[in-house]
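Asker: Next input, structure requested:
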Amino acid sequence: MLVRHGESRATIEKFFGGARSCTGLTDNGRRQAEALRDRLMAGREVQATALYSSKHSRAVETAQIIAPALGSLSLQTDSGWGEHDPGPDVDGMPYDDFVALYGVPRWDGDPHDVVFPGGETVSMFHERVMETLRKTVRENIGGNVVVVCHAGVIDGVLRNTLQMHQTGKFELYSNNTSLTGAPADITQRTLENRAPSLMTLRNGAGAANRIVPFTPSMASRKFSVDSFPGAITLIFGSPTATPHAGPYKAKGM
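Answerer: Next up, the predicted model:
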């Protein structure tokens, strides 16, 4: 299960908050994480056996806040789950200063293009994230893993598991403290080229679950991963997958 961190100071103060310069959550971000913790405690939808986060302060802080709802698991940090690395020269730079020097960053071009001078390309970022995903799954076979990470990480995992382009066409926005999950064997299913699907579990009276087989015609659509308790978006390796009955147990992510 992937959890996006709460609102960050980097977002509000408009600077590139990489691992070197991240200054953690805003007060609102802490409230978001506390609300997620309280919701998880009340609903018990996620029963975790391991808790990971990136090494960014905003992710670590979010993970520490929600940990009591997961049985106060020991937090394991892994830089592989970090956001797109802008490199040492850009990390901490105000967004407006970056635009003045290099122009508005483009995310719809060649994934091998240099977006951040001295930083990761989109292709390098996705390769690192997917290798970290595979490693985490291997280390937690049969477990239920929660990873507190970043919007770019969630976007990369979805693009790769849904067999989409690394840039452009498919647009995803994951809100702060939203949850995105998948079965542990999603990486194997992806390798086997089995058709993936999206599934949304909506909470609340009268809110129906739905499964959407993912097809090439969906490539230009925009998807939003809603903040919990609005929805949990799940990735399945087969369009015939059925909703989980009862509390959802994340497998491998």
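Asker: Please enumerate the helices of this structure.
Answerer: 9-13, 27-43, 57-66, 95-102, 122-139, 151-161, 186-191 (DSSP state H).
Asker: Which secondary structure elements does the second one sit against?
Answerer: Which is helix 27-43. helix 57-66 (3 or more Cβ pairs under 8 Å, 6 or more residues apart in numbering; DSSP states H and E). C-beta coordinates here come from the backbone N, C-alpha and C atoms, glycine included.
Asker: Contacts for the helix it packs on, please.
Answerer: 3, 5-6, 8-10, 17, 22-25, 29-30, 33-34, 36-37, 40, 51-54, 75, 77, 81-82, 146, 148-150, 177 (Cβ atoms under 8 Å, 6 or more residues apart in numbering).
Asker: So which bits of that helix are buried?
Answerer: For helix 57-66, burial by neighbour count (16 or more other Cβ atoms under 10 Å) applies to S57, R58, A59, V60, E61, T62, A63, I65, I66.
Asker: Closest one of those to E45?
Answerer: I66 (12.5 Å; Cβ to Cβ).
Asker: roughly how far apart are the closest one and E83?
Answerer: 19 Å (Cβ to Cβ, to the nearest Å).
Asker: could you list every residue that touches the residue nearest to Y102 when sequence neighbours are not counted?
Answerer: Closest residue to Y102 apart from its sequence neighbours, by Cβ to Cβ, 6 or more residues apart in numbering: P117 at 6.9 Å. Neighbouring residues of P117 by Cβ under 8 Å, 6+ apart: G87, D89, V90, Y102.
Asker: Check these for burial and list the buried ones.
Answerer: Judged by 16+ other Cβ under 10 Å, buried ones among those: G87, V90.
Asker: Can you add pLDDT and give the contacts of P117 back as TSV?
Answerer: Putting the contacts of P117 into TSV (pLDDT from 0 to 100) gives the following:
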residue	pLDDT
G87	97
D89	96
V90	97
Y102	94
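Asker: which of the contacts of P117 lies closest to T167?
Answerer: Nearest member of those to T167, counting by Cβ to Cβ, is Y102, at 17.3 Å.
Asker: Please report how far that closest one lies from V146.
Answerer: Taking Cβ to Cβ, one finds Y102 at 36 Å from V146.
Asker: A35 now?
Answerer: In terms of Cβ to Cβ, A35 sits 16 Å off from V146.
Asker: of the two, who's got more company?
Answerer: V146 (26 against 17; other Cβ atoms under 10 Å).
Asker: Report whether the expected contact of the more buried one with E45 is present.
Answerer: No. Using Cβ atoms under 8 Å, V146 is not in contact with E45, being 11.3 Å away.
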